[in-house]
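Colleague: Have a look at this fold, sequence not included:
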């Protein structure tokens, strides 16, 4: 099977979407949430709401099937109507329990919400690339799958069946992938960086080669040929979308793989050096230290101490 750079990157992020529960509201209502400090995801199952973030004057309207992702950096308000004075969401949620929280009279609107836990690599990649508020509309190409996932999530949250929490988290993980796919569909609107590179069809053949065999000593001419471009055109295109030259991207990808292997695996430093394209342990150690600021063995010791302590 050909390499899939997006799947590789998602695995490296250590991303986990956790559903915290559902929320129903009726009548006129508004809630103010503090800055989450993490990626937050909210999906509209029924009805709708208006969303406003601190520092952004306009409200954004969300309808059935729409999904919003907050980068976590700002407080925000959700409301049936922007003119309604918001209540404090933290107080409301602290005083209630259960997977479905009710507010106001009736169930005019139903939402499902959660947050996305990221490893360090995921934070570096996503938090700098996502806007404060990302909206994926029900009309997006991914909409049918997202609608099915939303319906299943609501069933798991309300039916009280065995294994519901686990099932909801797995469904949420698929929801996160669909949101990213929808975001990447408009590649030209993304800031230069790894996410935009993953969405760019012109450099995709070269990315697949680097991800399939990161230890190979790739030459610029080979990568350009795979992308059916001249060396100059390929270099310019790659830098415009990825923000770095092709071989710098390759180095960054190798170091990302190395960091994960050192944190999670038992591979020796010498074997890891060969896996990511270095002919000697010392050459790999020097490159790793230039990138991370510490030697590989020291990095492994610190990372494992953090997990156990």
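Modeller: Great, that's in hand. Computed from a predicted model, the values in this text were never measured in an experiment.
Colleague: and the gap between residue 210 and residue 184?
Modeller: Distance of residue 210 to residue 184, computed by C-beta to C-beta, to the nearest Å: 18 Å. In short, each C-beta sits where N, CA and C put it, glycine included.
Colleague: which one of these two has more residues nearby?
Modeller: In this view residue 210 and residue 184 are compared by other C-beta atoms under 10 Å, and residue 210 has more residues nearby, 21 against 15.
Colleague: In contact with that one, which residues are there?
Modeller: 218, 223, 246, 249-250, 253 (C-beta atoms under 8 Å, 6 or more residues apart in numbering).
Colleague: Filter these down to just the ones in helices.
Modeller: With DSSP state H as the criterion, helices contain 223, 246, 249-250, 253 from among the contacts of residue 210.
Colleague: Would you convert those residues into TSV that also reports pLDDT, neighbour count and distance to residue 161?
Modeller: Shown next, in TSV, are the ones in helices among the contacts of residue 210 (pLDDT from 0 to 100; neighbours: other C-beta atoms under 10 Å; distance: C-beta to C-beta, whole Å):
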residue	pLDDT	neighbour count	distance to residue 161
223	97	24	50
246	97	25	49
249	94	21	45
250	95	23	47
253	92	20	41
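Colleague: Contact partners for residue 30?
Modeller: Counting by C-beta under 8 Å, 6+ apart, residue 30 has contacts 77-82, 84-87.
Colleague: Run through the helices of the stretch 201-309 of the chain in chain order.
Modeller: Secondary structure of the stretch 201-309 of the chain, counting by DSSP state H, counting those that start in this stretch: helices at 204-212, 220-226, 231-242, 246-264, 269-275, 281-292, 296-308.
Colleague: So which of these is nearest residue 60?
Modeller: In terms of C-beta to C-beta, the element of the helices of the stretch 201-309 of the chain nearest to residue 60 is helix 231-242, at 27.1 Å.
Colleague: State the mean pLDDT of the closest one.
Modeller: For helix 231-242, mean pLDDT is 96.
Colleague: helices or strands up against that helix?
Modeller: helix 194-199, helix 220-226, helix 246-264 (3 or more C-beta pairs under 8 Å, 6 or more residues apart in numbering; DSSP states H and E).
Colleague: Could you check the angle that helix makes with helix 204-212?
Modeller: Calculated by axes from the mean of the first three to the mean of the last three C-alpha atoms, to 10 degrees, helix 231-242 forms an angle of 70 degrees with helix 204-212.
Colleague: from the middle of its chain, how far away would helix 231-242 be?
Modeller: 25 Å (C-alpha atoms, centre = their mean, to the nearest Å).
Colleague: Equivalent analysis for stretch 42-51, please.
Modeller: 21 Å.
Colleague: buried stuff in it?
Modeller: 42-45, 47, 49-51 (16 or more other C-beta atoms under 10 Å).
Colleague: so of those residues, which ones are in strands?
Modeller: 42-45, 49-51 (DSSP state E).
Colleague: Would you reformat the residues you listed as a markdown table and include pLDDT and distance to residue 202?
Modeller: Compiled in a markdown table, these are given as follows (pLDDT from 0 to 100; distance: C-beta to C-beta, whole Å):
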| residue | pLDDT | distance to residue 202 |
| --- | --- | --- |
| 42 | 88 | 34 |
| 43 | 87 | 33 |
| 44 | 90 | 35 |
| 45 | 88 | 38 |
| 49 | 94 | 38 |
| 50 | 95 | 38 |
| 51 | 95 | 34 |
